[in-house]
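# please find the sequence and the predicted model below.
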Amino acid sequence: MARVSLPSVVVVHYVDPVCPWGLGVERVVDELKGIYRDRLGVEYRVCVAVDDID
Amino acid sequence: MQRYSFDSKSIVDFHKRISSLMGVSFDPEFIFKIGLKTSRPACLALKAAQRQDELKASKYFRRMLKAFLIDVRPYNHDNIFAIAREAGLDDRKLSRDVNSKSVEEELNKDMEEMEKIGASFQDIVISTAEGRSERVSGIFQVDSIVEIIDRLLPGLHKYTQGARLGVGQ
């Protein structure tokens, strides 16, 4: 039976593909992945930041 | 979820402030240059991409950030799906899924979670396998987050910090 290693820590990031906060948070996530590697998981929750600009 | 109301000048000023706070460069006028009216189509496409492959979906997310905020590619259906192909996704399947009721429901579920915990787009939530968690808002220095992880999960092994992956890779 295959063994699956679950990450010890999970970072949940609330994102919109056109929201600039994502650029900064992703930079931090990259650095965290460098430090913790497979011990850190990242999950994305997708949320609409911009709606109905006139 | 924090809600903002802007006019065309204040949104550009807000973007300049975000850029300065985060130490990242993007075009502060990108909204007008790319013709953005609503981000819902990109959000639905990303949500549909997560069904195909989580890793490719995260690549897709980063590629959209770069394409629209930095490269200021026009924000339209063709580019949303072209970027999906560039990220290795099946754009035909994506176009079928993107208009499905279930993808819309999954998007609504994410938004309800964000609303429920009062999170904003500058927040992350750090959770351990043991069930401890903490919401972190507006911290863009990695050392501060490492301190929080140390507190939540003392002794978690740290590797030598690797090279940054970089947006768009």
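In hand now; what should we look at? Model, not experiment: these values are computed from the prediction.
# can you count the residues close to whichever residue of chain B sits closest to chain A?
Chain A sits closest to residue B:22 of chain B, with a gap of 2.9 Å, by Cβ to the nearest Cβ. In short, each C-beta sits where N, CA and C put it, glycine included. Residue B:22 has 21 neighbouring residues, counting by other Cβ atoms under 10 Å in any protein chain shown.
# so who does the residue nearest to it when sequence neighbours are not counted touch?
Leaving aside its chain neighbours, residue B:22 sits nearest to residue A:24 (2.9 Å; criterion: Cβ to Cβ, 6 or more residues apart in numbering or on different chains). Listed by Cβ atoms under 8 Å, 6 or more residues apart in numbering or on different chains, the contact set of residue A:24 reads B:18, B:21-24, B:122, B:140.
# filter those residues to the buried ones?
B:18, B:22, B:24, B:122, B:140 (16 or more other Cβ atoms under 10 Å in any protein chain shown).
# now the residue minimising distance to the centre of chain B: how far from residue A:45?
Taking Cα atoms, centre = their mean, the centroid of chain B lies closest to residue B:61, which sits 6.1 Å from it. According to Cβ to Cβ, to the nearest Å, residue B:61 stands 11 Å off from residue A:45.
# what of residue B:15?
With distances taken as Cβ to Cβ, residue B:15 is found 22 Å from residue A:45.
# kindly report the same for residue B:34.
Computed with Cβ to Cβ, the distance linking residue B:34 and residue A:45 is 23 Å.
# pLDDT weak spots in chain B?
Residue ranges of chain B with pLDDT under 70: B:1-6, B:160-169.
# how does it divide into domains?
Here the domain assignment for chain B is B:8-116, B:123-152, based on automatic domain parsing.
# of all the ones you listed, which one is nearest residue A:28?
Closest approach to residue A:28 among the domains of chain B is made by domain B:123-152 (5.4 Å; Cβ to Cβ).
# tell me where chain B has strands.
For chain B, the strands defined by DSSP state E occupy B:123-128, B:133-137.
# turn these into JSON lines, columns for mean neighbour count and distance to residue B:46.
Shown next, in JSON lines, are these (neighbours: other Cβ atoms under 10 Å in any protein chain shown; distance: least, Cβ to Cβ, whole Å):
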{"stretch": "strand B:123-128", "mean neighbour count": "20", "distance to residue B:46": "17"}
{"stretch": "strand B:133-137", "mean neighbour count": "14", "distance to residue B:46": "22"}
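# just the C-alphas of stretch A:24-33, formatted as CSV.
Provided in CSV are the C-alpha atoms of stretch A:24-33 (Å, rounded to 0.1, in the frame of the first residue of the first chain):
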residue,chain,number,x,y,z
GLY,A,24,2.9,39.7,-2.4
VAL,A,25,1.4,36.7,-0.7
GLU,A,26,2.8,34.3,-3.4
ARG,A,27,6.3,35.7,-2.8
VAL,A,28,6.0,34.9,0.9
VAL,A,29,4.6,31.4,0.0
ASP,A,30,7.6,30.7,-2.2
GLU,A,31,9.9,31.6,0.6
LEU,A,32,8.0,29.4,3.1
LYS,A,33,8.1,26.5,0.6
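# report the distance from it to the chain centre.
8 Å (Cα atoms, centre = their mean, to the nearest Å).
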